[in-house]
Structure formats: structure tokens, C-alpha cells
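**Student:** no sequence for this one, just the structure:
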């Protein structure tokens, strides 16, 4: 452990040396966690920015998975060798936010270099997630996604279901899933990636249920978890029952379940809109629907909350370098850039103008369902339950939830026990992380 | 008294030792002292605020039922991995010793898996046995067996033990083959003439004479199961399902690098250090006495 942080510190030091002055251009380092097609986007964007002007040069550095990138950033901070920009995944938001003094709010950065920062041009659902309780935008939303429902049209037809009409509510999803299984159209009816992010966090927001006190942590760090309400228990018991009958198949803690859908083993899946690329590539006959909800719950469907990652700026750098960061963020906010990012990757556009432009271009008419993740997030004014979820130690709380879910799906405990345990252990972990 | 080498220059021996000492200092004593230091602190991930908490981190760790669980998991995992890797390697070594034609090829093939990095070995086994995409998993399920290591703890444990043992068999095989070659053929031939069967010869002559090798491998395999299997567990199960494959080392990583609880993680690594030192001491103190070095 020590060894790893030392290496990270060493490499950070090396990086700082290798980009040392002697040139007129101001170097901006950007640590990120994007792989494959998304990594190409990062490279292209940096290249385009560097070619568009001669004052600044952005150097992207791949730092591994999301947690690895965050750890590299933390190690670099401890060694006083921070990059300018670091990409941090959604659940790391609370960690970064707690590090006051280590980071520089993006709102401050964007109003530097002569620019003015107008928060209203960004998508409100995304901005509120990355803002402090007083409304100051802390990080730049780079890649945001929202969970949606995917279904296999061929399997639907084989099972005698209406392939042009995806199930809209959870009872309908469960019914369709059972029909898929019992008709033999597929080995499994329903699966889901990210039971934490989709099944619990977005489930709460979408059905207007409280996840934790203090506006799910957005209003303050001292949060008491409350995701073991009757409605939560009912939902997870339904899934546990489906798992027992092998109608629901568990794929893993993150996005592994996508394989089950791609291989045609499962007919319905809830997954991030960012997962669309792989499904398109597989060439399957798929359809997209909005996230299911429980019709008897008051206020449902409310709105979904964003996942993905945002760009944070470390403190302690030169004024000139911050101006370069500001220029880069202004570059990223341009309508054409955002529009392209959205259409290529399945991630959401960050600015309203990019959304409007995509709409006007007829992209959504040609690609039905692609607007769903945005309308889901923007459909309604967010409530205290649906602005987002922020915990000082979200990765740990998700781990706890996953462990309890796995025991539940293995039939070792009921949904009530699983959620009660997760709340109790989660609360203890939050208090420990707060230093109490 | 054993014969001693005497250096004419007083400084020379220290100079010769210096590189090794420097490496030990930089890669062991320095990190170990940092771990000790961090284990009595509690601080936020960025180290912005840290305070001295004495032995509180240790108290919390030892009172944590999950920590007790990971001790159990480690015990099961280590014993099973070492036993499986050593017994299989011994069997293969004895068999390979009998082969006359093409023994070189056999031996080379047996050694190959050792060159595979733990994380890659983990991925190989994962690809074969992952319920969502594995070929063998598909075949197992086709026979009607409910193979699901994603949710079934014992199955996940079996999978990581098999992967970890598979990787270590080559190493053990190599040492057993060398050990077997060192056993004088005359002893075995004499026993054969006296009418001892193959099994009898193995247990009364070969196995006792292999004891030094076996003891050495026991130490190495235990250390391997404790520390070098992290990559395999990380790739195959990530400590799940639940916490059923979370070994002590994996927990140190998880609490430190995922949960960002550096104090608790450091305390755990200190405890781990004590356990390993104690275990090695016990092995040398008691088990070695039973070893006959011929």
C-alpha cells in the first residue's frame, strides 16, 4: 500500500519534471480514466484544443480505472504534485467535496481569464449534483449518464409480448420477465447492471423516496441512511423472488450483467445510457424504454440522477495555468463539441444549447430512445429526494450494499434483512469516515 | 564453531552488504515504519486533517466481525491452496520422474504456468468459469449443476483456490523434481530388492528424504497464499460474493484504496506483518525440528 502510493508520488514527480517550463506554452495536465472509444475522445479533444490556440497545451494521462485515478490524485496531492485536472467518478464526488482546500471550484475557474460563468446554460439536473449546498458549481460535468431500460425485441416477440411497447412500470417489467422465462423465449427475463446506482440510488430518486437524511447528503455530510423503507423493501423482495425462480439473473457489482443481455440470455435489462455503444455494436434488435417505476408511489416517476464522472481542478497552481484550464472548459462547453460527445458516446450533453441543437438536427427522430435519458433527468423539478446522493464515503457504502444484496440473492436473507443491515453498516461507516 | 571468513579490511564486508541493506531499508523498513506511523493516526483521504488516536485503529479492526471473517477466509484459503498446490505438484513430480522418453518436454510444459502473472491467471480462470461468459461455466450449467460463483460463496472460494494453486504447482513441481533427483537410487533399489512395493518405497524412503524440500515449499507456499494471490482474488471475485473470499491482504487493499480508511488499513497491515513473522518463526522453530536434512 505504501509502496503503491510511493510509486504514484514518484511518477507524479516525474511528470512534473517532464512538463517543466522552458517553453512558452503553459502545460495543463489532465488525469483521466477513459478506455477504448472514450479514451479516443479524450485524445481527440485535447488535440483539437491544442491546435485551436497556441497559449496552452493540454496533456491527457490515463491513470487506470475510476478508483485508481482517484487514488492517484490523492497520492499526488499528498506528495504536492497534483495534476491540474482530474476526472473523478460520481461516487467520488463526496470524497472530493470533503477535501476543501485541496480543490478549486470550477465556478471560480470559469469566471477567470476574462470569461463569465453562467450556470444556467448547463443542464440543471447535472449541475446541482456537482454543486455545493450554496449552489457553487465545484466540478465540470464531463461525462454524465442516466439509467434506462433496454429490451430485446426478438425475445419479446418470441414470448408473445408487444415488442413496440416496452413495460413502463415495475409490475409490468416483472410480468414480462416471467412471461419470457415461462415461454422459453430466453433463459432469464430480467437483469440489471449496478444494483447500487440503478437499483437503489436512481430507484429512490425516480420514485421520490428518501435515500438518506440531509437531502441525501447534498445539504450536509452528517447523513443517516433511510433506504430501508417499505417501498424499498417491497422492490428488492420482488427482485429476490424473481432470482429464486431464476427469472432474474445477477451479473455482478458493476456493468458485468450487460453480457447477459448482449448474449441474448436475458430479455430485459436496466443499464446506463453510456452502455448503448456496446449494444449498438452487437447489432441486436433492441428497444429502449424509460426507467420503470411503481405507479402507486406518490410523485413517481420523479427524475433520475446522473452517473458518470466530472472534472475537478486541484488547488495550488499558478494563475496562468488556471486561465488555461478555464479556456479548456470553455472549449469543452461549445455546442458542437457537446453535441458530438453526446451523439457518439451516449453520454448526456452538458449544456442546454447542445441539447437543443441535437434536437433540432433531427437526431432523436432518427434514433428513437436516445432522448429518454435526458427527458428522465429533466422532466420534473428535482425534489429533496431526487437532486442526487452524496456521501463522504460512497464507494464504501456501495460495497456494503453489494455484499448484502449478494447474500439476499443467494437466498441467505430477505430483502428486509439485507436493507436493514446495509443501512446499519452504512451508517456506522459514515460516522467512522466523519471521524466520530 | 563454523569456519569464519576473515576480511582484511574492516569496511569491506559492510560495503558488500550495502546494496542488499539499502534495498531492504528502502523497500521494507521504510514502508513498514510508515505503516506503523499511519496505524496510530486517523486522517481524511487527502491528509488535510490528521490526529493521533493511539491504538484505536487496532481496537476497531479487532472488534470488527468482518475482520474476524477475513481471518477465517484467509485460513481456509491458505491451507487449501498450499495443500492442493503441494500435493498435486508432488504427484506430478513423482510421475514425471518415472517418464523416460521426453521427460524434458514434460518438465518444461509443467513449468509454464509459473510464468503467468497472478492477474492474468485470474483472468484465465475467470474467462473459463464466469457464469455470464465462461465456457466451462456454460458446460457445468448444461449438466444441470447450479454453478454460480457470483452468488455462491463456497463455489467462489473453490474457484480462487483452484486458480491460486494451479499457478503455484509449477514452482513446487520444480523443487520436488530436484529433490527427487537428489535421492540416491541405490537406496530405492535396495528397498526394492528387499521386497518393498512402490507405495511402501515412497512413504518410507522418498517422502522422508524429501522433507527439507517439502518444508521449504510449505514456508514459500504459505507466504504465497497470504500475499501473492491478491491479483487472482482481485481479478476473479473482488472479495465477493458478500465477503466470502475477502482475505486479510484483500481487506487491507479494499479498506485503504477503495474505502480510503488509511489508518484502519495501516493497522491491518501491521497486524498482518505480526502474523507472518509469528508464523514463519513457528515454522522454523517447531516444524523444522522434524525435518531431516540428510
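**Tutor:** That came through fine. Since the structure is predicted, the reported quantities are computational estimates derived from the model, not experimental observations.

**Student:** Return the distance of residue A:207 relative to chain B.
**Tutor:** Distance, residue A:207 to chain B, by Cβ to the nearest Cβ, to the nearest Å: 26 Å. Yep, even glycine has a C-beta here, placed from its N, CA and C like the rest.

**Student:** and that residue, how many residues sit next to it?
**Tutor:** 25 (other Cβ atoms under 10 Å in any protein chain shown).

**Student:** Pretty sure it sits against residue A:291.
**Tutor:** No. Assessed by Cβ atoms under 8 Å, residue A:207 is found out of contact with residue A:291, at 9.5 Å.

**Student:** Find residues that contact each of these two.
**Tutor:** residue A:301 (Cβ atoms under 8 Å, 6 or more residues apart in numbering or on different chains).

**Student:** Would you map the strands across chain B?
**Tutor:** Assigned by DSSP state E, the strands in chain B fall at B:41-43, B:50-52.

**Student:** actually the stretch 51-200 of chain A, not the one I typed
**Tutor:** For the stretch 51-200 of chain A, the strands defined by DSSP state E, counting those that start in this stretch cover A:56-62, A:85-89, A:103-104, A:140-145, A:147-152, A:188-192.

**Student:** near chain B, anything from the third one?
**Tutor:** No. Counting by Cβ under 8 Å from any Cβ of the partner chain, chain B has no neighbours in strand A:103-104; the shortest distance is 9.2 Å.

**Student:** So which elements touch that strand?
**Tutor:** strand A:307-314 (3 or more Cβ pairs under 8 Å, 6 or more residues apart in numbering or on different chains; DSSP states H and E).

**Student:** any residue of the strand it packs on up close to chain B?
**Tutor:** No. Taking Cβ under 8 Å from any Cβ as the criterion, strand A:307-314 and chain B are apart, separated by no less than 10.2 Å.

**Student:** Where does pLDDT dip in chain B?
**Tutor:** Along chain B, segments meeting pLDDT under 70 span B:1-3, B:290, B:292-294.

**Student:** Around chain A, which positions in it sit nearby?
**Tutor:** B:27, B:30-31, B:34-35, B:42, B:44-49, B:60, B:132-133, B:148, B:150-153, B:238, B:240-243, B:252-254, B:256-261, B:265-266, B:269.

**Student:** of the residues you listed, buried ones?
**Tutor:** Neighbour counting with 16 or more other Cβ atoms under 10 Å in any protein chain shown marks B:31, B:34-35, B:42, B:44-47, B:60, B:132-133, B:148, B:150-153, B:238, B:240-243, B:252-254, B:256-261, B:265-266, B:269 as buried within the residues of chain B next to chain A.

**Student:** ok, and what's touching stretch B:132-147?
**Tutor:** For stretch B:132-147, the external contacting residues (Cβ under 8 Å, 6+ apart) are A:251-252, A:256-257, A:259-260, A:263, A:265, B:126-131, B:150, B:152, B:155.

**Student:** Can you get me the start-to-end distance on that stretch?
**Tutor:** 11 Å (Cα to Cα, to the nearest Å).

**Student:** next one: that stretch to chain centre, how far?
**Tutor:** 29 Å (Cα atoms, centre = their mean, to the nearest Å).

**Student:** Any buried residues in that stretch, and which?
**Tutor:** Quick answer for stretch B:132-147 (16+ other Cβ under 10 Å): B:132-134, B:137, B:140, B:147.

**Student:** From those residues, pick the one nearest residue A:195.
**Tutor:** Residue A:195 lies nearest to residue B:132 out of those, by Cβ to Cβ, at 14.8 Å.

**Student:** Show residues contacting the longest helix belonging to chain A.
**Tutor:** Ranked by number of residues, the top helix in chain A under DSSP state H is helix A:415-434. The contact list for helix A:415-434, computed with Cβ under 8 Å, 6+ apart, reads A:221-228, A:232-237, A:239-240, A:391-393, A:396-397, A:400-401, A:404-405, A:407-408, A:413, B:60, B:259-261.

**Student:** Among the buried residues of stretch B:132-147, which are located in helices?
**Tutor:** B:137, B:140.

**Student:** Take the buried residues of stretch B:132-147 and write them to TSV, including distance to residue A:303.
**Tutor:** Formatted as TSV, these follow (distance: Cβ to Cβ, whole Å):
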residue	distance to residue A:303
B:132	31
B:133	34
B:134	39
B:137	39
B:140	43
B:147	40
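
**Student:** show me the contacts for residue 160.
**Tutor:** No chain specified, so I'll use chain A. A:179, A:183.

**Student:** I was thinking of chain B, sorry if that wasn't clear
**Tutor:** B:77, B:229, B:232-233, B:236-237, B:245.

**Student:** Out of those residues, which is nearest to residue B:287?
**Tutor:** residue B:77 (20.1 Å).

**Student:** Which residue is the nearest non-sequential neighbour of that closest one?
**Tutor:** Nearest residue to residue B:77, sequence neighbours excluded (Cβ to Cβ, 6 or more residues apart in numbering or on different chains): residue B:247, at 5.7 Å.

**Student:** isn't the one you found right up against residue B:71?
**Tutor:** No. Counting by Cβ under 8 Å, residue B:247 stays clear of residue B:71, with 9.1 Å between them.

**Student:** neighbour count winner among these two?
**Tutor:** Neighbour tally, residue B:247 and residue B:71, criterion other Cβ under 10 Å: the higher count belongs to residue B:247, 26 against 16.

**Student:** Stretch A:377-385: which residues count as buried?
**Tutor:** Per 16+ other Cβ under 10 Å, stretch A:377-385 contains these buried residues: A:377-378, A:382, A:385.

**Student:** Tell me which of the contacts of helix A:415-434 fall in helices.
**Tutor:** Per DSSP H, the subset of the contacts of helix A:415-434 in helices is A:232-237, A:239-240, A:396-397, A:400-401, A:404-405, A:407-408, B:60.

**Student:** which residues touch the residue nearest to the spatial centre of chain A?
**Tutor:** The residue lying closest to the centre of chain A (Cα atoms, centre = their mean) is residue A:307, at 1.5 Å. Listed by Cβ under 8 Å, 6+ apart, the contact partners of residue A:307 are A:90, A:144-147, A:194, A:197, A:272, A:274.

**Student:** and with 7 Å instead?
**Tutor:** By Cβ atoms under 7 Å, 6 or more residues apart in numbering or on different chains, the contact set of residue A:307 is A:90, A:145, A:197, A:272.

**Student:** of those, list those near chain B.
**Tutor:** Filtering the contacts of residue A:307 for proximity to chain B by Cβ under 7 Å from any Cβ of the partner chain leaves nothing.

**Student:** and the residues you listed as TSV, adding neighbour count?
**Tutor:** What follows is these, written out as TSV (neighbours: other Cβ atoms under 10 Å in any protein chain shown):
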residue	neighbour count
A:90	25
A:145	24
A:197	24
A:272	22
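
**Student:** Would you check which pair of these lies furthest apart?
**Tutor:** Put simply, by Cβ to Cβ the two of these set farthest apart are A:90 and A:272, 10.7 Å from each other.

**Student:** residue of the stretch 201-350 of chain A with the smallest distance to chain B?
**Tutor:** residue A:259 (4.5 Å; Cβ to the nearest Cβ).
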